[in-house]
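In: Take this sequence and fold it.
(2 chains)
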Amino acid sequence: MTENDSLRAAVAAGVLASEQANRDLLQATVEVARGIFSARAASVFLYDERTDELVFEAVAGEGSQTLLGQRIPSSTGIAGWVLVTRQPIVLEDVSADPRWGGHEIAAKTGYVPRGLMAVPLIHEEEPVGVLNVLDRPQETRFSLEEMELLGLFADQAAIALDLLRKGRRAKAVLEDSGADIGVLARVASSLDALEGPERQAGIQLLGALEKLFTQTR
Amino acid sequence: MSDPAHERLLPAWSLPAGTVESLGLPTDWPGRVTREWAWGDSTGTGVRVCILDSGVDADHPMVGEIEGAVAVEVGEGEEVNVVEDSEGDLAGHGTACAGIVRSIAPDCSLFSVRVLGAGFTGSGTALLGGLRWAVDQGFDVINMSLSTTKSRFAGVLHEVADAAYFRRTVLVASAHNMPVESYPWRFSSVISVGSHEEPDPLTYYYNPNPPVEFFARGVDVEVAWLSGARARSTGNSFATPHISGICALVLGKHPELTPFQLKSTLYLTASNVEGEDD
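Out: The predicted structure follows:
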């Protein structure tokens, strides 16, 4: 294995490990959301900028086996409305009709929810996805306190989703920029081989370069 | 001083000596503004309400006839086209809002401007383009159960909101109930609405701690949904059309009111200011 490969492998290992951790965090968020609201299912859509679609990124309960990775258009249906308007919405006791808006779930699973809560996941200025909680117990009346609770979950899910997106971007950069990383790997390797004053001088030189790049950015 | 030529020459922002009479107000304000004065017997006749949303399903029995429907399309160069809309409602929400306005002001005219469906990428441009178009049409009330978090749209949205305010179009906008900066509900030229939990559609409160100015019914509201369906719904986006409907009632009886006067009337007739009906 060359030095270049070693460095790339090390960074990749970090990125890959963080992807799994971020996925786990997101999954834990939907599991807890489902538990707190005694719901039949909970899920998170990630907004995919590249294709302008919403993708099921984490699912707890009903549909967890079939929905992951499924895609829907970004501005239709309830999830699309929530993403575009940034407004949370709670809908319950919808009369049975496959067109009502639960269709983004129904079309993929055959399971038609009677109601859902959906909240936008906003990180910094941007909506990064939508959190759904499906079919709470029918007898409970929804309150504004629960809406705030849902908002707190949304904050957490938004951070998890943002970490996942950033990790994936880092991975893509890593895969696309072998040559650039290679130069860095060789410099790091040469520096590591130096000792004493030469090593100190090398570190100072790199410090000056870093300063230069920061100033010219 | 009422000579039209003279009026044109005068700058609009001064009131020279002897011209006070030109400010005659068409409405006789009572000593105490009550709900009876504000909208007693009004059904919203003659008032045009625009639903800026996901489209409206005009076949729904809770909505009834609508005056028209357009969709806002965004081209590749971000150019905005407003075309006749035959898609109906792409989410259900616009139909719900239209039904709520209709339930309060049964004889108002409803118009749908669909800003959803152009993909998320073009959604900020569609929202802005749709709002601009609606303001140009001179609707009396524009119901906006939506907002944007993109600060690059804030300045221009602010200008459009002010333009509406000065030409007597009232923007009624949903407040955010999450701690994020979003627009246009935060602008003082619009009427911003949050939710309370009470079941009466005509109970609304003035909030002395802005930016949210009014609270209206927004929890467990029975609404129209797609394909003739009904649902129980919760969210500020359902509180907003309650206030839009009440604005339509007031303007039905007092069409000359400016947005400032209308907002003052809402304040004076709020449930925590006036109390219940006399």
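In: so how many other residues sit close to B:E256?
Out: Using other C-beta atoms under 10 Å in any protein chain shown, B:E256 has 10 neighbouring residues. No exception for glycine: its C-beta is placed from N, CA and C like everyone else's.
In: Identify the residue spatially nearest to it, adjacent ones excluded.
Out: Closest residue in space to B:E256, ignoring its immediate chain neighbours: B:P26 at 4.5 Å, by C-beta to C-beta, 6 or more residues apart in numbering or on different chains.
In: so A:V55 is in which element?
Out: If you go by DSSP states H and E, A:V55 is part of strand A:53-61.
In: Wasn't A:V133 part of a strand?
Out: Yes. Counting by DSSP: H, G, I helix; E, B strand; the rest coil, A:V133 is found in a strand.
In: circling back to that earlier point, partners of the strand holding A:V55 in the sheet?
Out: Take DSSP bridges as the rule and strand A:53-61 pairs in its sheet with strand A:41-48 (antiparallel), strand A:71-73 (antiparallel).
In: which stretch among the ones you listed comes nearest A:G63?
Out: Counting by C-beta to C-beta, A:G63 lies closest to strand A:41-48 out of those; the figure is 5.8 Å.
In: Next, the residue nearest to the spatial centre of chain A: phi, psi?
Out: Nearest to the mean C-alpha position of chain A, by C-alpha atoms, centre = their mean, lies A:L161 at 2.3 Å. Reported as degrees, to the nearest 10, the phi and psi values for A:L161 are phi -70, psi -40.
In: In the stretch 101-250 of chain B, mark out all the helices, start to finish.
Out: In the stretch 101-250 of chain B, the segments counted as helices under DSSP state H, counting those that start in this stretch are B:123-137, B:154-166, B:236-253.
In: which one of the ones you listed has the most crowded surroundings?
Out: Burial of the helices of the stretch 101-250 of chain B is given as mean neighbour count (mean count of other C-beta atoms under 10 Å in any protein chain shown); helix B:236-253 ranks first at a mean of 28.
In: which is the next helix or strand following the helix or strand of chain A with the lowest mean pLDDT?
Out: In chain A, no helix or strand scores lower on mean pLDDT, DSSP states H and E than helix A:103-109, which sits at a mean of 62. Sequence order places strand A:116-123 as the next helix or strand after helix A:103-109, per DSSP H and E.
In: Neighbouring strands - and their directions - for that next one?
Out: Sheet pairing here is set by DSSP bridges, and for strand A:116-123 it gives strand A:89-92 (antiparallel), strand A:126-134 (antiparallel).
In: mind putting these in TSV, mean pLDDT and mean neighbour count included?
Out: Conversion of those to TSV gives the following (pLDDT from 0 to 100; neighbours: other C-beta atoms under 10 Å in any protein chain shown):
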stretch	mean pLDDT	mean neighbour count
strand A:89-92	88	25
strand A:126-134	91	25
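In: Distance to A:A21 added to the ones you listed, as JSON lines?
Out: JSON lines is the format used below for the strands paired with strand A:116-123 (distance: least, C-beta to C-beta, whole Å):
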{"stretch": "strand A:89-92", "distance to A:A21": "31"}
{"stretch": "strand A:126-134", "distance to A:A21": "18"}
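In: on that earlier part again, export the helices of the stretch 101-250 of chain B as CSV, with columns for distance to A:G35.
Out: As requested, the helices of the stretch 101-250 of chain B are exported to CSV (distance: least, C-beta to C-beta, whole Å):
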stretch, distance to A:G35
helix B:123-137, 33
helix B:154-166, 38
helix B:236-253, 26
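In: Please name whichever of those helices is nearest to B:S174.
Out: helix B:236-253 (4.4 Å).
In: counting contacts, what elements does that closest one pack onto?
Out: Here helix B:236-253 touches helix B:35-39, strand B:48-53, helix B:93-104, strand B:141-144, strand B:170-174, strand B:191-196, strand B:214-217, helix B:259-268, going by 3 or more C-beta pairs under 8 Å, 6 or more residues apart in numbering or on different chains; DSSP states H and E.
In: related to what we said a few turns ago, any idea which of the strands paired with strand A:53-61 is most buried?
Out: Compared across the strands paired with strand A:53-61, strand A:41-48 shows the largest average neighbour count, a mean of 25 (mean count of other C-beta under 10 Å).
In: Over that strand, what's the mean pLDDT, rounded is fine.
Out: Per-residue pLDDT values over strand A:41-48 give a mean of 93.
In: what do you get for stretch B:99-119?
Out: On average, stretch B:99-119 scores 95.
In: quick one: buried residues of that stretch?
Out: Within stretch B:99-119, the residues that count as buried by 16 or more other C-beta atoms under 10 Å in any protein chain shown are B:99-105, B:108-119.
In: Kindly identify which of the residues you listed also come near chain A.
Out: Contacts with chain A within the buried residues of stretch B:99-119, as defined by C-beta under 8 Å from any C-beta of the partner chain: B:115-119.
In: Looking at the residues you listed, spot the one nearest A:T76.
Out: B:G117 (6.0 Å).
In: From what I see, that closest one and B:A71 are in contact.
Out: Yes. Between B:G117 and B:A71 there is a contact at 6.8 Å, judged by C-beta atoms under 8 Å.
In: Name the residues contacting each of those two.
Out: Contact criterion C-beta atoms under 8 Å, 6 or more residues apart in numbering or on different chains; residues shared by B:G117 and B:A71: B:55, B:87.
In: Can you tell me, leaving aside adjacent residues, what's nearest to B:S195?
Out: B:G218 (2.6 Å).
In: Quick check, pLDDT for the one you found.
Out: Model confidence at B:G218 (pLDDT) stands at 95.
In: For it, grab the count of nearby residues.
Out: Look at B:G218: counted by other C-beta under 10 Å, it has 27 neighbours.
In: residue contacts, it?
Out: B:G218 makes contact with A:144, B:193-197, B:234-239, B:242, according to C-beta under 8 Å, 6+ apart.
In: Point out where the stretch 101-250 of chain B drops to low pLDDT.
Out: The model of the stretch 101-250 of chain B has pLDDT under 70 over residues B:177, B:179.
In: how does it look with 80?
Out: Scanning the stretch 101-250 of chain B for pLDDT under 80 picks out the ranges B:118, B:177-180.
In: Assign a three-state SS to the residue nearest to B:E256, would you?
Out: Classification of B:P26 using three-state DSSP returns coil.
In: wait, doesn't A:V44 sit right on A:A58?
Out: Yes. If you go by C-beta under 8 Å, A:V44 and A:A58 touch, sitting 4.5 Å apart.
In: any shared contact partners between the two?
Out: Residues touching both A:V44 and A:A58 (C-beta under 8 Å, 6+ apart) are A:26, A:29-30.
In: From these, pick the one nearest chain B.
Out: Of all the shared contacts of A:V44 and A:A58, chain B sits closest to A:T29, with 15.8 Å by C-beta to the nearest C-beta.
In: So that closest one: helix, strand or coil?
Out: helix.
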